[in-house]
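Model the structure of this input:
(one chain, ligands or ions: 2)
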Amino acid sequence: MRAMILEAPGEPLRAAEVPIPEPDPDQILIRIHACAVCRTDLHVVGGELPDPKLPLIPGHQIVGTVEGVGGRVERFAPGDRVGVPWLGYTDGTCRYCRTGRENLCDDARFTGYQIDGGYAEYASADHRFCFPLPEGYRDLQAAPLLCAGLIGYRSLRMTSDAERLGFYGFGDSAHIIIQVALHQGRKVFAFTRDGDEERQSFARELGAAWAGGSSQLPPEELDAAIIFAPVGALVPVALRAVAKGGVVVCAGIHMSDIPSFPYESLWGERAVRSVANLTRRDGEEFLTLAPQVPVRTQATPFPLEEANEALKAVREGKIRGAAVLVVDG
Ligand SMILES: [Zn+2]
Ligand SMILES: [Zn+2]
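Ligands and ions are numbered 1, 2, ... in the order given. Model (predicted):
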């Protein structure tokens, strides 16, 4: 099969012919239609996340059709359409797994990081961590739901019932989660790089009450903020924009260092927290909610062989919505 493989962090992906994976008893073999590109892929390929499997096929927002099933698989049959997310395996026995926090599992393994992912024609995945996908979404539109949507949704949940929400960074995740937030009756204030008029108008088109540069203060105090950009300097900035009791949620798996800030910025029971990975429950909830909103994703397609170009476009913030590799389109 054709695949884009990472041989060493920091190097571009290389197009290669590799064997089609053999599913083990708990796995399904999937013929891939589309795989959305996530910012985390940049951190895997760039070496910011330690010890990836090597060589590695990146990609953890996979949409495809079941082609074969292992001996213990009963949930899926050949022909079913499935989605594969970032969480690829948990042990089910550690204290996190036993307390509904499998996203923190000590022995978790992740798709497109420790397990080969979706920048290829086929992938095998543990069926217990795959999702049936809602009908009404084409493959291209469904792929970004699987991480940008899912982990964005978990981040939104961490803001509990905050009414006035700030989004720092307005990429794949924010363009989905703003739709959910508005559906829930909240108000969204969008922050982009200073001077990024294009992205600010994209946020307004999607219903943001206000959009501006991240060095600006919003016209109203925020009840919570979600930082989607991997920029630690935004943490004190967002803290200054949130009201007493507000939370700043860091949604990314990697962030540059957070500069020091006066305690006054945190005072008043403000909180800072990160969001790590996802649970299968997050996935089931979000994939049920998405068609009810209904969430519409904007996707820019790239052929599989142009994965490096897609990653570059995501890094440079050139994509409106999500970049998606289309494998058999
Ligand atoms: Zn565990
Ligand atoms: Zn992701």
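
what separates the residue in the stretch 201-329 of the chain positioned nearest to ligand 1 from Cys105, distance-wise?
Per Cβ to the ion, Thr279 is where the stretch 201-329 of the chain lies closest to ligand 1, at 11.1 Å. To be clear about C-beta, it is placed using only N, CA and C from the backbone, and glycine gets the same treatment. Distance of Thr279 to Cys105, computed by Cβ to Cβ, to the nearest Å: 10 Å.

Check this structure for its longest helix and report it.
helix 172-183 (DSSP state H).

got the angle between the next helix or strand after that helix and helix 172-183?
Following helix 172-183 in sequence order, the next helix or strand is strand 187-192 (DSSP states H and E). Inter-element angle recorded for strand 187-192 and helix 172-183: 160 degrees (by axes from the mean of the first three to the mean of the last three Cα atoms, to 10 degrees).

just checking, Asp196 touches Gly317?
Yes - between Asp196 and Gly317 a contact is recorded at 7.3 Å, counting by Cβ atoms under 8 Å.

gap between the two ends of stretch 227-235?
8 Å (Cα to Cα, to the nearest Å).

now it, how far from the centre of its chain.
On the basis of Cα atoms, centre = their mean, to the nearest Å, stretch 227-235 sits 15 Å off its chain's mean C-alpha point.

can you check stretch 9-24 too?
Between the centre of stretch 9-24 and the centre of its chain there are 22 Å (Cα atoms, centre = their mean).

residues of that stretch that come out buried?
By 16 or more other Cβ atoms under 10 Å, the buried positions in stretch 9-24 come out as Pro9, Leu13, Ile20, Pro21, Pro23.

Tell me the one among those residues nearest to Asp172.
Nearest to Asp172 out of the buried residues of stretch 9-24 is Leu13 (Cβ to Cβ; 19.2 Å).

for that closest one, what are its contacts?
Applying Cβ atoms under 8 Å, 6 or more residues apart in numbering, we find Leu13 in contact with Met4, Ile5, Leu6, Val45, Pro58, Tyr119, Ala307, Asn308, Leu311.

farthest pair in those residues?
Among the contacts of Leu13, Ile5 and Leu311 lie farthest apart (Cβ to Cβ), at 13.5 Å.

more crowded one of these two?
Set Ile5 next to Leu311 and count neighbours by other Cβ atoms under 10 Å: Leu311 wins out with 25 against 18.

And that one, which helix or strand is it part of?
helix 307-315.

Buried residues, the next helix or strand after that helix. List them.
Next in sequence after helix 307-315, counting helices and strands by DSSP H and E, comes strand 322-326. Of the residues in strand 322-326, Ala322, Ala323, Val324, Leu325, Val326 count as buried by neighbour count, 16+ other Cβ under 10 Å.

Is it possible to get those residues out as TSV so that each row also shows pLDDT and distance to ligand 1?
Shown next, in TSV, are the buried residues of strand 322-326 (pLDDT from 0 to 100; distance: Cβ to the ion, whole Å):
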residue	pLDDT	distance to ligand 1
Ala322	97	30
Ala323	98	32
Val324	98	31
Leu325	98	30
Val326	97	34
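
List the residues that contact Val249.
So Val249 contacts Ser155, Met158, Thr159, Ala224, Ala225, Ile226, Ile227, Arg273, Ser274, Val275 (Cβ under 8 Å, 6+ apart).

How many neighbouring residues does the nearest residue to the last one once chain neighbours are set aside have?
Distances taken as Cβ to Cβ, 6 or more residues apart in numbering put Ser155 closest to Val275, at 4.7 Å, once the chain neighbours are dropped. The local packing count at Ser155 equals 24, with neighbours defined by other Cβ under 10 Å.

Alright, that wraps it up for me.
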